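Undergrad: Provide a 3D model corresponding to the input given below.
(one chain, ligands or ions: 1)
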Amino acid sequence: MTYAIDKNGYYGYYGGAYIPEILRANIVALKQQFLALRDDQAFNAAFFGLLKDYVGRPSPLYYASRLSERYGAKIYLKREDLNHTGSHKINNTIGQVLLAQRMGKRHILAETGAGQHGVATATVAALMDMQCTVFMGETDMARQQPNVEKMRLLGATVVPVTSGSKTLKDAANEAIRYWIHHPVDAHYVIGSVIGPDPYPAMVAHFQSVISGEIRRQLMEQEGTPFPHAVIACVGGGSNAAGAFHHFLNDKEVQLIGVEAAGKGVDSGYTAATIATGSTGVIHGSKTLLMQDSDGQIREPYSISAGLDYPGIGPLHAYLHETGRATFMQVTDEEALQAVFLLMHLEGIIPAIESAHALAALEKLSFTHAGPVVLCLSGRGDKDMDTYIREAPAALKTHLP
Ligand SMILES: *Cc1c(COP(=O)(O)O)cnc(C)c1O
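TA: Got it, this is the predicted structure:
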């Protein structure tokens, strides 16, 4: 079994490029450029150079001793929260904007949910002197205000999206619509392993720096490149894809993705796509998505703007179908408790998205002595309003 994408852009049954004819030339050119440059020395020197000196990579693999004591396992946190702009999103953004630059594009488009992808894109667009337009749902603009201000100060235009649930999927719809009208000068930087081929594999490639580093760091710190398990939260699935990538063919490494259950998997207020989804097409890709019996997309819900998406990358649909990865579901409340637990045990304020991965530790039992690596995808600065509001209730329940 191989978990690489095939030449038509499919992981097994999932993936492909279901796009309007007018974008076909863009997608074909993008795929050619990506395949030509992914192993190009000068391109990789520029990419890895920026990851090192601009982003601050490698991000630390931190042995969390108090968390380890609590769960009876050797838990390491992959500190993507320490990256410039505060999450893993910048790894992919740098790769794609470098590609766009070499394709002669002058205008960068992005959709954003939590605003982390928007901030990363606005940042790299400023660095590379490109025009930047970010589409963001109005609901998300309200709950992630600091990131909206950051994008604007960095010189990006933030376009409020008022359709649907006014969240991530609606922002992606709007970005695609805009791209259809500006196919020549604009490149659309998709922020996760979603969208038409070549995006899912391309984003996974740029994010795979995460698992490449984990292998090297574990070798140094534990004398083996193989963890017992890798745990990551899954919105579209890019931090998970990056953290899993170099372990996909190492069957002894358990891969665990954690989706947002919202108010509960069966509550009608959820973003748990693997648990509640079925096959369909969303944003140019055949994958699992949340839909009703007429094929209408069900509005997702999660406290976390970055996980509030009704689809999932085709790689993860395939990893689920083949059983290579296990997917778990974590509610808003469980995630919030994990936020305060990490603050108190390790002095780290995680993003609400990353806290979903942390909450999975409560549901797993570790009988194996091997190291467990959890991808801490981002920091919690953007979530401070939520944390201040929710602190009293969450504190009551988790403290011993
Ligand atoms: C965007 C985001 C996510 C979810 O996106 P994936 O593509 O699933 O990784 C998770 N964590 C943080 C901090 C984010 O900003």
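
Undergrad: Tell me the residue of the protein that sits nearest the ligand?
TA: Here the chain gets closest to the ligand at one residue, residue 378, 2.4 Å apart by Cβ to the nearest ligand atom. Where you see a C-beta, it was placed from the backbone N, CA and C, and this is true even at glycine.

Undergrad: Please state the backbone phi and psi of that residue?
TA: With angles defined as degrees, to the nearest 10, residue 378 sits at phi -170, psi 170.

Undergrad: again with residue 87
TA: Here is the backbone geometry of residue 87 (degrees, to the nearest 10): phi -160, psi -180.

Undergrad: Would you mind naming what in this structure lies close to the ligand?
TA: Applying Cβ under 6 Å from any ligand atom, we find that the chain lies next to the ligand at 87, 89, 114, 116-117, 192, 233-240, 306-307, 351, 353-354, 377-378.

Undergrad: Which ones among the residues you listed lie within helices?
TA: Judged by DSSP state H, these include 89, 116, 117, 238, 239, 240, 353, 354 as members of helices.

Undergrad: What ranges does the protein have for its strands?
TA: 10-11, 14-15, 61-63, 74-79, 107-112, 131-137, 157-161, 186-188, 229-233, 254-262, 278-282, 285-289, 325-331, 371-376 (DSSP state E).

Undergrad: Out of the ones in helices among the residues of the chain next to the ligand, who's the most crowded?
TA: Top of these by neighbour number is residue 240, holding 36 neighbours under the definition other Cβ atoms under 10 Å.

Undergrad: Which pLDDT value belongs to the closest residue to it other than its chain neighbours?
TA: Nearest residue to residue 240 in three dimensions, chain neighbours excluded: residue 232, at 3.8 Å (Cβ to Cβ, 6 or more residues apart in numbering). pLDDT recorded at residue 232 is 99.

Undergrad: Also residue 164?
TA: 89.

Undergrad: show me the contacts for it.
TA: 137, 170, 173, 299 (Cβ atoms under 8 Å, 6 or more residues apart in numbering).

Undergrad: One more: residue 240?
TA: Going by Cβ under 8 Å, 6+ apart, residue 240 touches 232, 233, 234, 257, 316, 375.

Undergrad: quick one, what contacts the nearest residue to the third one once chain neighbours are set aside?
TA: In other words, residue 234. In this structure, residue 234 finds its nearest non-sequential neighbour in residue 257, 4.2 Å apart by Cβ to Cβ, 6+ apart. Residues near residue 257 by Cβ under 8 Å, 6+ apart: 232, 233, 234, 237, 240, 274, 316, 319, 325, 326, 327, 328.

Undergrad: Could you measure from the fifth one over to residue 267?
TA: Distance check for residue 240 against residue 267: by Cβ to Cβ, to the nearest Å, it reads 24 Å.

Undergrad: What sits closest to the residue nearest the centre of the chain if chain neighbours are left out?
TA: With distances taken as Cα atoms, centre = their mean, the residue of the chain nearest its centroid is residue 238 (3.7 Å). Distances taken as Cβ to Cβ, 6+ apart place residue 192 nearest to residue 238, at 4.3 Å, with adjacent residues excluded.

Undergrad: how does this structure divide into domains?
TA: Annotated domains of the chain cover 17-50+89-202, 56-86+207-396 [automatic domain parsing].

Undergrad: In TSV: those, plus distance to residue 8.
TA: Shown next, in TSV, are the domains of the chain (distance: least, Cβ to Cβ, whole Å):
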stretch	distance to residue 8
domain 17-50+89-202	7
domain 56-86+207-396	11
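
Undergrad: if we can go back for a sec, the ones in helices among the residues of the chain next to the ligand into a markdown table, with extra columns for pLDDT?
TA: What follows is these, written out as a markdown table (pLDDT from 0 to 100):
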| residue | pLDDT |
| --- | --- |
| 89 | 98 |
| 116 | 94 |
| 117 | 96 |
| 238 | 98 |
| 239 | 98 |
| 240 | 98 |
| 353 | 97 |
| 354 | 98 |
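
Undergrad: Between those, which sits nearest residue 7?
TA: Using Cβ to Cβ, residue 238 comes nearest to residue 7 of these, at 22.1 Å.

Undergrad: thinking residue 115 is in contact with residue 382, fair?
TA: Yes - shown here, residue 115 and residue 382 form a contact pair, counting by Cβ atoms under 8 Å, at 6.2 Å.

Undergrad: So for the two, which residue has more residues nearby?
TA: Set residue 115 next to residue 382 and count neighbours by other Cβ under 10 Å: residue 115 wins out with 29 against 26.

Undergrad: residues touching that one, list them.
TA: Applying Cβ under 8 Å, 6+ apart, we find residue 115 in contact with 136, 140, 144, 146, 147, 148, 150, 151, 305, 382.
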